[in-house]
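Student: sequence plus predicted model, see below.
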Amino acid sequence: MSGRIVVLGMHRSGTSCVGELLAAMGAYFGPRDMGGAGSVENPHGLFERRDLRRLCHFILQQARCEWWATSRFSPDRLPVETDVQIVGMLTPMLADLDAHEPWFIKEPRLCILLPMLRARLGPVTTVCVWRDPLEVAQSLQTRDAMPIEFGIALWERYTRASFALDAPRVIVSYNRLVADPEGVTRKLLDDLTVRGVGGLRMPAPAQLAQVIDPRLRRSAPSADASALLSPSQRRLLVALEAGDPAAELAAPLSADRLAHLGRLEEARRRQMKAAAYRSLAEARVTRSPLATRMPEALAYVPWNPMQWVKWLRQGKLGRRLHQHLDAATIALSGGFDAQWYRQRYPDLTGTEDPLMHFVRYGASEGRDPSPSYPTSRNLRAALEEATVR
């Protein structure tokens, strides 16, 4: 018997709704102040523990990945000391959860990260939530200015990863849950009970109606999704619609599809960088005097020829020179708030230069150059320009 539930599913797939439903069924989520407040996208809240979100973000950042850029993620890419830090973050969370079984955790990035955390979580039952891929892609386009093709590719990446773990599993269709709240909830309860999860109950009708609000399903397919899907994505969708836990659901993303996803990620990085640099240009209205900016800019010019030799031996000369000249240009032009950037993004190491981090990683990760000029403001314009080209 295991009262440990892990909710898995792609972003924008209804996992928050299922998390709230499990809480209504009696599964423990965490202290009252552990979850985030509601938002326009999720008025009832995300039902994600803040400590779990920090953990998932930390692991991906250590591998220089993002929730939308996981094609190159591998635990082997993590620094050696990362494991100790993961244990330190996970231990107090599990102590709280294990004192209140049955419990659930929910975070879309767990689709990718659960295999490396499984041994520390102990025996778990997974609830794999899925939603129509075109609805997911349309929702991501609305929220994140993400191309439809990329949204569908991410849907396949996360969905296949969520079925890769060899553990007791329950499948929930978000579309069917919205269409038949009572029937799908009762089946979820029965399936979890059969798999050894005790202590749950059927929510009262009024409670169920509050949790599952059809009005929250804002993105509905405006076209036939199958026309936009690759053969492997179509096979996956057919298997999901049938609720068939056969080999197709457990099949990993093929090398070709993974490479295709990598190319879409690179295009997204270029889009993010274009938006970040546009925000940087807007922020120049608050720049410091030229007399202050000039010495800051000169500090980024790589004067030392021995450094050039080192970069040449490493095969990084061209890239490093370009990065340093970019940083010098930004420092001279103004608009980048280094002190705020370090406070805003605590994953920077103590010795890491904020502006160099922005040039090397931050801009292409969509980070903001200053508090008043967020990159997200220009994402849609960057997507539209890329589409025109």
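Tutor: Looks like it came in fine. Numbers count the residues shown, from 1 in each chain.
Student: mind checking how far the helix or strand that contains Cys111 is from the chain centre?
Tutor: Here Cys111 sits within helix 110-121, counting by DSSP states H and E. Per C-alpha atoms, centre = their mean, to the nearest Å, the displacement of helix 110-121 from the mean C-alpha position of its chain is 15 Å.
Student: with stretch 335-352 instead?
Tutor: For stretch 335-352, the distance to the chain centre is 21 Å (C-alpha atoms, centre = their mean).
Student: start to end distance for that stretch?
Tutor: Using C-alpha to C-alpha, to the nearest Å, the end-to-end distance of stretch 335-352 comes to 19 Å.
Student: in that stretch, what's buried?
Tutor: Buried positions in stretch 335-352, judged by neighbour count with 16 or more other C-beta atoms under 10 Å: Gly335, Phe336, Asp337, Ala338, Tyr341, Tyr345, Leu348. C-beta coordinates here come from the backbone N, C-alpha and C atoms, glycine included.
Student: picking that back up, tell me which residues are up against the helix holding Cys111.
Tutor: Residues from elsewhere that reach helix 110-121 (C-beta atoms under 8 Å, 6 or more residues apart in numbering): 4, 6, 8-10, 56, 59-60, 70, 73, 75, 86-87, 90, 94, 124, 126, 158-159, 161-162, 164-165, 167.
Student: repeat that for stretch 346-361.
Tutor: Contacts for stretch 346-361 (C-beta under 8 Å, 6+ apart): 57-58, 61, 64, 276, 300, 323-324, 326-327, 330-331, 336, 338-339, 341-342, 345, 367, 369.
Student: ok, and what's touching the helix or strand containing Gly151?
Tutor: For Gly151, the enclosing helix or strand under DSSP H and E is helix 148-162. With C-beta under 8 Å, 6+ apart as the test, helix 148-162 has contacts from 8-11, 13, 68, 70-71, 108, 111-112, 126, 128, 130, 133-134, 136-141, 225, 228-230, 232-233, 236, 240, 249, 251-253, 257, 260-261, 264, 267-268.
Student: which of the buried residues of stretch 335-352 fall in helices?
Tutor: Among the buried residues of stretch 335-352, the members falling in helices (DSSP state H) are Ala338, Tyr341.
Student: okay, now the unreliable bits of the protein?
Tutor: By pLDDT under 70, the low-scoring segments of the chain are 1, 36-45, 214-226, 245, 386-389.
Student: how about the spatially most central residue of it, what does it touch?
Tutor: Most central in the chain under C-alpha atoms, centre = their mean is Trp67, positioned 2.7 Å from the mean C-alpha point. Going by C-beta under 8 Å, 6+ apart, Trp67 touches His11, Leu60, Pro108, Arg109.
Student: buried stuff in stretch 198-210?
Tutor: In stretch 198-210, counting by 16+ other C-beta under 10 Å, buried: Gly199, Leu200, Met202, Pro203, Leu208.
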